Every structure is written in C-alpha cells, then in structure tokens.
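Chemist: Just to be clear, the model below is a prediction. Sequence and coordinates:
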Amino acid sequence: MELNVERSLTLSFPGLRATIRAITGVTIEKSNPALDELREEVETETKAKYTLETVRNVAIFRAYRDFYWRVGIDPTKIRPAAEALVRRVLAGKQFPKINTLIDTYNLTSIRTGVALAAFDQAKLRGNFLMRLASLGEQFLGIGMEKPMQLGGKEIVIADDEKLIAVYPYRDADTTKVTTSTRDLTLMTCGCPGIPDRDLAEAEGVATEFILRLCGGKCA
C-alpha cells in the first residue's frame with residue numbers, strides 16, 4: 001500500500017507530508033492494565049511539560065493551527081488532535097477511552113504533539129491518495145449521525161473507492177479500527193512547519209506502543 005499526494009497540494013503546501021505503516025496480527029481490547037499504566041505515565045509527563053498558559057505557544061501546535069485555517073477548519077472550534085488531548089490532561093478532564101489501539105496512538109499524540117490515525121486494512125481498497133475535496137463531496141466521519149458536505153477546500157485521504165479521512169482531523173466511520181480489527185494501517189499526519197524527524201519519531205513511538213500493548217508485527 002502506498003500514499004500518494006496530489007501534485008497541486010505539494011505546490012500549495014510545501015512541507016505537507018504523511019507516512020503510513022502496516023501493522024498486522026494485532027489484538028485490540030477495550031482496555032488492559034498495561035494501557036492504564038502508560039496513560040498515567042504520559043499524563044504525569046504532560047503536566048510536568050506544559051501548562052494551559054504555555055501550550056498555545058508550542059511550535060508544533062501552532063503549525064497545525066495555521067494549517068487548519070488554510071484548509072477551512074477553524075482551530076478555535078476544532079482544535080488539532082494532539083493539542084486538544086494535551087489540554088484535556090492539563091485541565092484534569094478524563095482521558096477519552098475507546099480501545100487499546102486508539103488510546104495508544106492518542107497517547108503517542110500527547111507525547112509527541114503529532115496527529116495520528118489508523119484504519120482497518122480489511123476495509124481498505126488499493127492505495128491512498130491525498131487530494132483536495134470536491135465541492136459537495138459527502139463524508140461520514142466517526143461519531144457523525146449524517147454525512148457532512150465538503151466545500152472543496154478541505155484536504156482528504158481516499159483509497160481507490162472512497163474517502164477515508166478529512167485530513168488531518170477526522171477519520172471515516174467505514175474504515176474505523178475496532179476490537180475486531182486484526183490488521184491496520186497507521187498514518188502519521190504532518191503539515192507545513194513540522195520537520196520530517198518529528199514524524200519519524202512519532203511513528204516510532206506509536207509503533208513501539210502498539211506492539212507492546214496490542215501485539216502484532218510490522219508488515
């Protein structure tokens with residue numbers, strides 16, 4: 001499986017980049033004690049690293065916010081994923097618990113500041129393409145009751161048949177990871193202003209955490 005980027009995007013958004021990695025043979029649970037330990041570790045680390053007053057000035061979060069504005073997403077209403085999770089921890093709010101895979105890459109986002117996504121390989125077809133949305137294109141994201149109509153400014157990820165994400169903030173319901181997922185594709189989501197080394201670090205941390213908590217192997 002490959003991730004291709006539409007040439008017009010590379011010209012309009014120099015430095016826009018994402019990576020993918022296949023991980024097979026995972027076992028995903030609702031929770032487990034090892035995940036609880038990791039969550040406590042990351043939350044403690046985060047409270048020592050940031051405050052609610054300083055988090056707004058962190059360079060990686062500012063890069064995502066600037067990118068959101070450019071693709072028609074208001075980051076004052078929909079915060080970039082990593083920043084939103086960090087703010088939840090700092091505010092003492094409960095960490096969102098979904099399953100051991102999603103919780104694990106959310107913890108990676110908190111630790112690294114990088115947005116991640118994961119897709120069930122059994123529900124994917126062909127390769128990935130990052131492109132501009134078409135005006136009026138329909139997208140049903142996880143947790144949405146009905147599809148949203150895209151305005152043509154958004155950046156999307158599609159496989160050979162369908163949209164699988166509005167990049168880099170919402171994934172499609174049709175390809176979401178559940179406790180039934182056995183093989184997945186992990187996506188590390190960059191944007192202009194985020195160095196390649198940060199993406200590589202986030203992919204490495206996420207892979208380490210997933211293999212530790214969900215088993216499996218890198219394909």
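Modeler: In hand now; what should we look at? Residues are numbered from 1 along each chain as shown.
Chemist: Help me confirm that T185 comes into contact with R21.
Modeler: Yes: in terms of C-beta atoms under 8 Å, T185 counts as a neighbour of R21; the distance is 7.3 Å. In short, each C-beta sits where N, CA and C put it, glycine included.
Chemist: Comparing the two, which residue is more hemmed in?
Modeler: A side-by-side neighbour count of T185 and R21, using other C-beta atoms under 10 Å, places T185 first with 23 against 18.
Chemist: Could you pull out the buried residues of stretch 200-219?
Modeler: Under the neighbour-count criterion of 16 or more other C-beta atoms under 10 Å, stretch 200-219 has E201, A202, E203, V205, A206, T207, F209, I210, L213, C214, G216 buried.
Chemist: L101 falls within a strand, correct?
Modeler: No: according to DSSP: H, G, I helix; E, B strand; the rest coil, L101 belongs to no strand; its state is helix.
Chemist: Quick one: neighbours of the closest residue to it other than its chain neighbours, just the number.
Modeler: Excluding the flanking residues, the one nearest L101 by C-beta to C-beta, 6 or more residues apart in numbering is I28, at 4.7 Å. Neighbours of I28 under the rule other C-beta under 10 Å: 25.
Chemist: Would it be right to say that I28 lies in a strand?
Modeler: No: going by three-state DSSP, the assignment for I28 is coil, not a strand.
Chemist: Pull the contacting residues for it.
Modeler: Neighbour list for I28: N99, T100, L101, V177, T178, T179, S180, T181, C214 [criterion: C-beta atoms under 8 Å, 6 or more residues apart in numbering].
Chemist: which among those residues end up buried?
Modeler: N99, T100, L101, V177, T181, C214.
Chemist: and which of those is nearest D120?
Modeler: Nearest to D120 among these is T181, at 4.5 Å by C-beta to C-beta.
Chemist: In three-state terms, label the closest one for me.
Modeler: With three-state DSSP as the basis, T181 sits in coil.
Chemist: got a pLDDT number for it?
Modeler: Among the per-residue scores, T181 shows a pLDDT of 98.
Chemist: Which residues are in contact with the spatially closest residue to it that is not a sequence neighbour?
Modeler: Among residues not flanking T181 along the chain, D120 sits closest, at 4.5 Å (C-beta to C-beta, 6+ apart). Neighbouring residues of D120 by C-beta under 8 Å, 6+ apart: T175, K176, V177, T178, T181, D183, L184.
Chemist: In TSV: these, plus distance to L16 and secondary structure.
Modeler: Output for those, formatted as TSV (distance: C-beta to C-beta, whole Å; DSSP: H, G, I helix; E, B strand; the rest coil):
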residue	distance to L16	secondary structure
T175	22	helix
K176	24	coil
V177	24	coil
T178	29	coil
T181	28	coil
D183	27	coil
L184	23	strand
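Chemist: Could you single out the nearest of these to T46?
Modeler: For these, the closest approach to T46 (C-beta to C-beta) belongs to V177, at 23.6 Å.
Chemist: What does the pLDDT read for the closest one?
Modeler: Here, the pLDDT recorded for V177 equals 97.
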